[in-house]
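**Student:** can you look at this prediction? I've put the sequence above it.
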Amino acid sequence: MKSRTDAGFGYGYTLKEVEQLRHDILNNPPARHTYPRVPRELKSLVKALREMVYLRTLRSDCLFEIYFRSAPIFASLEKELSIDSVGHYLPEDLIAGKLNRYDDQDCAVLKYYDDIAVTKEKIVGERTIGKQEVVGVIAWKGKASGRVRVVFSPTEAHLVKEGEILVTNMTVPAYLLAMKKAAAFVTDEGGITCHAAIIAREMKKPCIIGAKIATQVLKDGDMVEVDAERGIVRKI
């Protein structure tokens, strides 16, 4: 049986994972942080920034909730139409009763407001990547070395082993158990208030975000050094 998760994508936490999370939280309370004194003239700015961070997180939570709640609707539609995934079909075609399937590898969908164009011609050139390192933004300083584990969805998070370097497009709450095992995190996207950055600060693990092409340059099993003092991930 699956329990729900705020991630919104893929499967939720299993009941066993929820029990483990509860056990870890109750038995390993987070350390108390000491914060520097904030000058009086900056307090109003800090208050506004805190509100912005809260609203940004709330927005993401609402989106994830919508994704999660709508999943059964999509599943029902797929069963009714005998299709593999609504992701391969345009909403306009489904409404019109047309089952024109578009494969991600064979076409591109361009949308500008209400106008949609589908083409099977390449709209961007192919790019060859042969780099030995990637550069990003430091979310939490430190250094770590280990083997790369590239994760593209929460359903793959269980593959992360103790001490590996988690490399992903961006993290969501469903990655939490994997992040506890990982020695460091590297993401293609994200800013200083993204999920990976927040968790890295809480866990005090080296983290580099906004590396853009990390999931393309780094492959499962690569030995890398995450230098979050300079914002560089280097193959070794």
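**Tutor:** Received the coordinates, thanks.

**Student:** and the helix or strand where K111 lies, what other elements does it pack with?
**Tutor:** Assigned by DSSP states H and E, K111 falls within strand 108-112. On a contact count with 3 or more Cβ pairs under 8 Å, 6 or more residues apart in numbering; DSSP states H and E, strand 108-112 meets strand 115-119. In this view, the C-beta of every residue, glycine as well, is placed from N, C-alpha and C.

**Student:** what's the domain layout of the chain?
**Tutor:** 83-119, 133-235 (automatic domain parsing).

**Student:** can I get those domains in TSV with mean neighbour count, mean pLDDT and distance to R32?
**Tutor:** Formatted as TSV, the domains of the chain follow (neighbours: other Cβ atoms under 10 Å; pLDDT from 0 to 100; distance: least, Cβ to Cβ, whole Å):
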stretch	mean neighbour count	mean pLDDT	distance to R32
domain 83-119	11	80	45
domain 133-235	20	93	12
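
**Student:** re the thing from before, partner strands of the strand holding K111, with direction?
**Tutor:** Note on strand 108-112: by DSSP bridges, its sheet partners are strand 115-119 (antiparallel).

**Student:** following the partner strand, which helix or strand comes up?
**Tutor:** Following strand 115-119 toward the C-terminus (DSSP H and E): strand 133-135.

**Student:** let me see the contact set for the residue lying closest to M170 once chain neighbours are set aside.
**Tutor:** Of all residues not flanking M170 in the chain, E189 sits nearest, at 4.7 Å (Cβ to Cβ, 6 or more residues apart in numbering). E189 is in contact with N169, M170, I209, G210, K212, counting by Cβ atoms under 8 Å, 6 or more residues apart in numbering.

**Student:** what pLDDT, on average, does the longest helix seen in the chain get?
**Tutor:** As assigned by DSSP state H, the longest helix anywhere in the chain is helix 40-81. The pLDDT scores in helix 40-81 average 87.

**Student:** let's number from 159 now, not from 1
**Tutor:** Understood, numbering begins at 159; the last thing we discussed is helix 198-239.

**Student:** how far away from the center of its chain is it?
**Tutor:** Distance of helix 198-239 from the chain centroid (Cα atoms, centre = their mean, to the nearest Å) equals 14 Å.

**Student:** what helices or strands is that helix leaning on?
**Tutor:** Secondary elements touching helix 198-239 (3+ Cβ pairs under 8 Å, 6+ apart): none.

**Student:** which other helices and strands contact the lengthiest strand in the chain?
**Tutor:** Counting by DSSP state E, the longest strand found in the chain is strand 301-309. When contacts are defined as 3+ Cβ pairs under 8 Å, 6+ apart, strand 301-309 packs onto strand 323-326, strand 381-385.

**Student:** next, count neighbours for P187.
**Tutor:** Applying other Cβ atoms under 10 Å, we find 8 residues neighbouring P187.

**Student:** for it, which three-state class applies?
**Tutor:** On the three-state scheme (DSSP: H, G, I helix; E, B strand; the rest coil), P187 is labelled coil.

**Student:** now do it against K174, distance only.
**Tutor:** Distance of P187 to K174, given as Cβ to Cβ, to the nearest Å: 22 Å.

**Student:** again with R180
**Tutor:** Taken as Cβ to Cβ, the span from R180 to K174 is 11 Å.

**Student:** so who does the closest residue to L248 other than its chain neighbours touch?
**Tutor:** Spatial nearest neighbour of L248, excluding adjacent residues (Cβ to Cβ, 6+ apart): I274 at 6.5 Å. Going by Cβ under 8 Å, 6+ apart, I274 touches L248, E250, V267, L268.

**Student:** just flag the most distant two among those.
**Tutor:** E250 and L268 (13.6 Å; Cβ to Cβ).

**Student:** hmm, back to that, just put the domains of the chain in CSV and tack on distance to P197.
**Tutor:** Compiled in CSV, these are given as follows (distance: least, Cβ to Cβ, whole Å):
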stretch, distance to P197
domain 241-277, 45
domain 291-393, 21
